[in-house]
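Visitor: sequence below, structure please.
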Amino acid sequence: MSVTETTGADARADRRHHQALLVFMAIVVAHWAEHLVQAFQIYALGWTSAEARGVLGIPFPDLIKFEWLHYGYALVMLIGLFVLRRGFAGRSRQWWNLALALQFWHHIEHLLLFLQAQTGWRIGGSAVPTSIVQLIVPRVELHLFYNTIVTIPMVIAVVLHQRARAAATA
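Guide: Residues are numbered from 1 along each chain as shown. Prediction:
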């Protein structure tokens with residue numbers, strides 16, 4: 001394989017990674033919108049946690065009750081972070097790896113919630129599925145926290161990655 005072919009293959013791989021990263025980040029932003037609207041409903045509008053259902057939960061109230069939806073998103077995030085990881089290098093990859101590790105734990109918490117919803121077993125005898133950290137932090141606030149600590153290193157990784165990408169093409 002010649003240098004030209006390798007460069008062309010690398011350019012195609014970079015383009016595919018960039019497109020996949022844009023789709024992934026759009027999913028992340030949409031998920032953030034749900035959480036921010038839910039927080040607004042609780043803290044600005046004074047709704048209870050049960051009433052605050054985000055954007056999709058208003059027209060589809062039963063939708064957010066399904067634990068598989070929350071677990072599915074956590075799994076999509078974990079897979080996306082894992083698959084897109086190979087397109088990052090250097091410091092951007094270190095930050096991406098941190099986001100992946102944090103999402104792995106977030107995924108474990110959602111898996112625990114999902115298993116409780118499927119089996120009827122509850123941590124600490126709670127009436128509803130409860131994650132480990134949720135024993136001390138309410139669910140809405142906990143998921144805002146989890147999404148924040150996953151998103152911050154992810155955004156740092158993307159910014160560093162884009163800077164390196166721009167420098168390589170300059």
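Visitor: can you show me the helices along the chain?
Guide: For the chain, the helices defined by DSSP state H occupy 3-43, 67-84, 90-119, 139-169.
Visitor: Ile132 is nearest to which of these?
Guide: With Cβ to Cβ, the closest approach to Ile132 among these belongs to helix 90-119: 6.4 Å. Heads up, the C-betas are built off the backbone N, CA and C, glycines and all.
Visitor: and the angle from the closest one to helix 139-169?
Guide: Compare the direction of helix 90-119 with that of helix 139-169 by axes from the mean of the first three to the mean of the last three Cα atoms, to 10 degrees and you get 150 degrees.
Visitor: list the buried residues in helix 90-119.
Guide: For helix 90-119, a neighbour-count test (16 or more other Cβ atoms under 10 Å) marks 92-93, 95-96, 98-100, 102-103, 106-107, 109-114, 116-117 as buried.
Visitor: what is it packed up against?
Guide: helix 67-84, helix 139-169 (3 or more Cβ pairs under 8 Å, 6 or more residues apart in numbering; DSSP states H and E).
Visitor: so for Arg53, which of those sits nearest?
Guide: Minimum separation from Arg53 across these (Cβ to Cβ) falls at helix 139-169, 11.0 Å.
Visitor: the closest one to helix 67-84, inter-axis angle?
Guide: 20 degrees.
Visitor: now for helix 139-169, which elements pack on it?
Guide: helix 3-43, helix 90-119.
Visitor: give me the pLDDT for His17.
Guide: Predicted confidence (pLDDT) for His17: 94.
Visitor: over to the one 3 residues further on?
Guide: According to the predicted model, the pLDDT of Ala20 comes to 96.
Visitor: in the chain, which residue is most central in space?
Guide: Met77 (4.5 Å; Cα atoms, centre = their mean).
Visitor: which residues does that residue contact?
Guide: 28, 103, 106-107, 150 (Cβ atoms under 8 Å, 6 or more residues apart in numbering).
Visitor: how near is Ala164 to His143?
Guide: 32 Å (Cβ to Cβ, to the nearest Å).
Visitor: which one's more surrounded, these two?
Guide: The residue with more neighbours, out of Ala164 and His143, is His143; 23 against 15, by other Cβ atoms under 10 Å.
Visitor: pretty sure that one sits against His35.
Guide: Yes. If you go by Cβ atoms under 8 Å, His143 and His35 touch, sitting 6.4 Å apart.
Visitor: give me the neighbour count for the nearest residue to Gly87 once chain neighbours are set aside.
Guide: Computed as Cβ to Cβ, 6 or more residues apart in numbering, the closest residue to Gly87 that is not its neighbour in sequence is His17, at 3.5 Å. Neighbourhood size, His17 [other Cβ under 10 Å]: 17.
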